[in-house]
Structures are given as structure tokens and as C-alpha cells.
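Colleague: Here is a sequence together with a model predicted from it:
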Amino acid sequence: MEIINPSDRLSLLIYLLAVVTLCMVPAWLYVIHVAKKSLREGRFPPSGTKALAKAKIVHGDKAERTARLVLFLGYVLLILTLTTAWYILFFFPEAFTFNDPMVN
């Protein structure tokens, strides 16, 4: 059984963290899609959206406010997710040197 160097373990962990972070992007894109569809239809949740429990359908101004809030939060979380992945991948270059010690 091969013993893995601690710096290699950290590198693999950082790669895994970046991949998990990027896997959240489709979820935020779906949230943005649902909010835009809700704005077009004037109801929240929009038609065709599946819910785990019976959802109260809201129409009019309240639906528009809810959709705009969900749209705003979707964009904010998408930007935060992409920024986090970028930060992980580009601000930890020393973690991507396999078989080299991370400490001088």
C-alpha cells in the first residue's frame, strides 16, 4: 500500500473542493430560469414547477417581488460560486505541485 504525501492529499482536497463548488452552478442556473419564467407568467411558482408539498400560488405584485428576489439571489449565489471556484483554483497554485513540499 502506497503512502500518500500530505501535500498530495491537500492538492487532491483542493481539486475536490473546486469540483464540488462548480457542481453548484447548474442549480443556480435553474433557480434563475425559474425566476425568469415566473416573471413572464406573473405567478410564483410558475406553471410546470414541481414542489415537494402543496405550494400556495401567488399572483400579481407579490409574485413579481418574489420572482425578482429569487432572481437577485440566484445571480448573487452564481457569482459567489464562480468566484469561490476561481479563488480556489488560482490562489492556491502551491497546492497543485504534486510530490513537492508546500513548506520551504
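Modeller: Perfect, I can see it now. Numbers count the residues shown, from 1 in each chain.

Colleague: what about residue 30, how many neighbours?
Modeller: Per other CB atoms under 10 Å, the neighbour tally for residue 30 reads 11. To be clear about C-beta, it is placed using only N, CA and C from the backbone, and glycine gets the same treatment.

Colleague: what's the answer for residue 86, then?
Modeller: 13.

Colleague: For it, give me the pLDDT.
Modeller: In this model, residue 86 is scored at 88, pLDDT.

Colleague: What ranges in this protein fall below the confidence cut-off?
Modeller: 1-2, 4, 7, 93-104 (pLDDT under 70).

Colleague: List the buried residues for the lengthiest helix in it?
Modeller: Determined from DSSP state H, the single longest helix within the chain is helix 61-90. The neighbour-count check on helix 61-90 (16 or more other CB atoms under 10 Å) flags 63-64, 66-67, 70-71, 74, 77-78, 81, 85, 88-89 as buried.

Colleague: Now do the contacts for residue 88.
Modeller: 14, 17, 18, 21 (CB atoms under 8 Å, 6 or more residues apart in numbering).

Colleague: tell me the two of the residues you listed that are most distant?
Modeller: Using CB to CB, the pair of these lying farthest apart is 14 and 21, separated by 10.6 Å.

Colleague: So which of the contacts of residue 88 belong to helices?
Modeller: 14, 17, 18, 21.

Colleague: and the last one, how many neighbours?
Modeller: Neighbour count of residue 21, defined by other CB under 10 Å: 19.

Colleague: which residues touch the residue positioned nearest the centre of the chain?
Modeller: Centroid check for the chain by CA atoms, centre = their mean gives residue 24 as the closest residue, at 3.2 Å. Residues in contact with residue 24 (CB under 8 Å, 6+ apart) are 77, 81.

Colleague: redo that, cut-off 6 Å
Modeller: If a contact means CB atoms under 6 Å, 6 or more residues apart in numbering, then residue 24 has residue 81 as its contacts.

Colleague: Please tell me how far it sits from residue 79.
Modeller: Distance of residue 24 to residue 79, given as CB to CB, to the nearest Å: 12 Å.
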